[in-house]
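K.L.:
Build me a model:
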Amino acid sequence: MKEVDPIIPALFLYNPTPFSQLSHNFFFSSLFFFFSRREKAMAIPLSVLLFLLPLLSPTFISSSPVQDPELVVEEVHKRINASRRNLGFLSCGTGNPIDDCWRCDPDWEKNRQGLADCSIGFGRHAIGGRDGEIYVVTDSGDDDPVNPKPGTLRYAVIQKEPLWIIFQRDMVIKLKEELIMNSFKTIDGRGASVHIAGGPCITIQYVTNIIIHGLNIHDCKQGGNANVRDSPDHYGWRTISDGDGVSIFGGSHVWVDHCSLSNCNDGLVDAIHGSTAITISNNYMTHHNKVMLLGHSDSYTQDKNMQVTIAFNHFGEGLVQRMPRCRHGYFHVVNNDYSHWEMYAIGGSAEPTINSQGNRFLAPDDRFSKEVTKHEDAPQSQWKNWNWRSEGDLLLNGAFFTASGAGASSSYAKASSLGARPSSLITTITNGAGALNCKKGKRC
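P.N.:
Below is the predicted model of the structure:
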């Protein structure tokens, strides 16, 4: 009798969730991890592949920027719970589904582009440069924003083809003007200490499929009144920029993960002008006033399609407000650690839907700043109908969340499985927030 490899049935037994509910990216990354770790090369039997394809076929659906919010929130919950099961060979035991997808692999450096299959939430389809070549930044300079030199970061991000951009060594990059990205790019700082600081920073404008990972982004300044190249065959005049760390302007399918951000001129991460399909995860944010703006203005109704997942971030010391500040749109704020704020943590205007689940809010000692929320630019007679809810949040040191609207409204996920979690889980999930110190040949 032909021997059956024990890995194949294990793939089907480790998780009771039906295949139709699993992310195909997560499943394929699991397959890669198992088969790549075998001592000897092994071919997957054709019969197994034929069996898998029908099961996975429901997930191969073309994605549009505007997704069904309830389905996406439900997927976030399922991915978190699957990660928490700590089922041996996949999980690093953190309970963080993004990190458990890749950080436990000591050979992460040989499969950098596998990171693109680990995102969750509204930005889960952001593949960045997954399907392109690896580009190595060898030159930290930025002498000419119109004619960037090969080897520089600016030269890489403007190219038309997909690229996965990494760094040869530790670098501090002081940009002369905004770094205007082209579509299908990943900036991956793992394995080096990369700082983008002291000048204008990253702009994601009217492009799609961007991943920003593992960078230190700080002390960003305004730029503009200058020509800047945004593709190999186009450059144009830029007006004065805001000085954001990461500015998303009309962008879609964007994932900002494991970055450390602080002390920028305007926002640390801002998304406006119809941006959508965004995940902001595992970041460590400190020493800043207006942290995160999601939505251009109360009158800009195109932002009603905005969908953003904010997950596993640590909002740390020296922060004042806007974590985030939302307008219109749909915002899932899940499993973040709010250890510092001076004015408020989560605010908004223009009737946004805010779904806060499983966060830890530690209020400041100031008795006038205990409220987590701030309903802005509207009387209570209006904001009382906005759908803001807190579910399973841990409120400490007198923190309180002012809910509004209908708690069971169809604007929220109707099949949530996350529930309330203890504070010890938040510590574990967010312990690695910010840029990581990854070493080749070791778990990150």
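K.L.:
surely L163 meets D131?
P.N.:
No. Using CB atoms under 8 Å as the test, L163 is too far from D131 to be in contact (10.0 Å). No exception for glycine: its C-beta is placed from N, CA and C like everyone else's.
K.L.:
what sits in contact with each of those two?
P.N.:
Taking CB atoms under 8 Å, 6 or more residues apart in numbering as the contact rule, the neighbours common to L163 and D131 are F184.
K.L.:
of these two, who's got more company?
P.N.:
L163 (22 against 14; other CB atoms under 10 Å).
K.L.:
Report the beta-bridge partners for that one.
P.N.:
Beta bridges link L163 to E133, K185 when assigned by DSSP bridges.
K.L.:
Report pLDDT for it.
P.N.:
What the model reports as pLDDT for L163 is 98.
K.L.:
Then the one 4 residues further on?
P.N.:
Each residue has a pLDDT score; the one for F167 is 98.
K.L.:
measure it to F368 for me?
P.N.:
45 Å (CB to CB, to the nearest Å).
K.L.:
Listing request: residues of the stretch 1-150 of the chain with sub-threshold pLDDT.
P.N.:
1-92 (pLDDT under 70).
K.L.:
make it 80
P.N.:
The stretch 1-150 of the chain contains residues with pLDDT under 80 at 1-94.
K.L.:
the helices in the stretch 301-444 of the chain, which residues?
P.N.:
380-383, 423-430 (DSSP state H, counting those that start in this stretch).
K.L.:
re earlier: so between F167 and F368, which is more surrounded?
P.N.:
Counted by other CB under 10 Å, F167 and F368 do not tie: F167 has more neighbours, with 23 against 7.
K.L.:
So the residue nearest the centre of the chain: helix, strand or coil?
P.N.:
For the chain, the residue nearest the mean C-alpha position is I280 (2.9 Å; CA atoms, centre = their mean). Three-state assignment for I280 (DSSP: H, G, I helix; E, B strand; the rest coil): strand.
K.L.:
Touching, it and L293? I think so.
P.N.:
No. Contact between I280 and L293 fails when scored by CB under 8 Å: they sit 12.0 Å apart.
K.L.:
Can you give me the pLDDT of H273?
P.N.:
Listed pLDDT for H273 reads 96.
K.L.:
OK, contacts around it?
P.N.:
By CB under 8 Å, 6+ apart, the contact list for H273 reads 249-250, 296, 300, 302-303.
K.L.:
for S369, same thing?
P.N.:
S369 sits next to 341-344, 363 when contact means CB under 8 Å, 6+ apart.
K.L.:
show me what contacts G316?
P.N.:
284-286, 339-340.
K.L.:
Find the pair from the residues you listed with maximum spatial separation.
P.N.:
Farthest pair in the contacts of G316 (CB to CB) is Y284 and H340. Separation: 11.6 Å.
K.L.:
Compare the contacts of H273 and tell me which has the most neighbours.
P.N.:
For those, the largest number of neighbours (other CB under 10 Å) sits with D303, at 24 neighbours.
K.L.:
Kindly give the local confidence score, pLDDT, for that one.
P.N.:
pLDDT, D303: 95.
K.L.:
Quick check: Q382 vs E376, distance?
P.N.:
From Q382 to E376 the distance is 11 Å (CB to CB).
K.L.:
okay, and the common contacts of those two?
P.N.:
With CB under 8 Å, 6+ apart, Q382 and E376 have no common neighbours.
K.L.:
Quick one: the contacts of S369 as TSV, columns for distance to D233 too.
P.N.:
Formatted as TSV, the contacts of S369 follow (distance: CB to CB, whole Å):
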residue	distance to D233
W341	45
E342	47
M343	46
Y344	46
A363	53
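K.L.:
Out of these, the closest to I196 would be?
P.N.:
Once CB to CB is applied, the member of these that ends up nearest I196 is W341, at 25.1 Å.
K.L.:
how many neighbours does that closest one have?
P.N.:
The local packing of W341 (other CB under 10 Å) involves 26 other residues.
K.L.:
Check G398 too.
P.N.:
Neighbours of G398 (other CB under 10 Å): 14.
K.L.:
Isn't it up against R367?
P.N.:
Yes. At 7.4 Å, G398 counts as touching R367 under the criterion of CB under 8 Å.
K.L.:
tell me the helices in the stretch 101-250 of the chain, going along the chain?
P.N.:
153-157.
K.L.:
quick one: the strands in it?
P.N.:
Taking DSSP state E, counting those that start in this stretch as the criterion, the stretch 101-250 of the chain contains strands spanning 133-137, 163-167, 171-173, 179-180, 185-188, 194-197, 202-205, 208-213, 216-218, 226-231, 234-238, 246-249.
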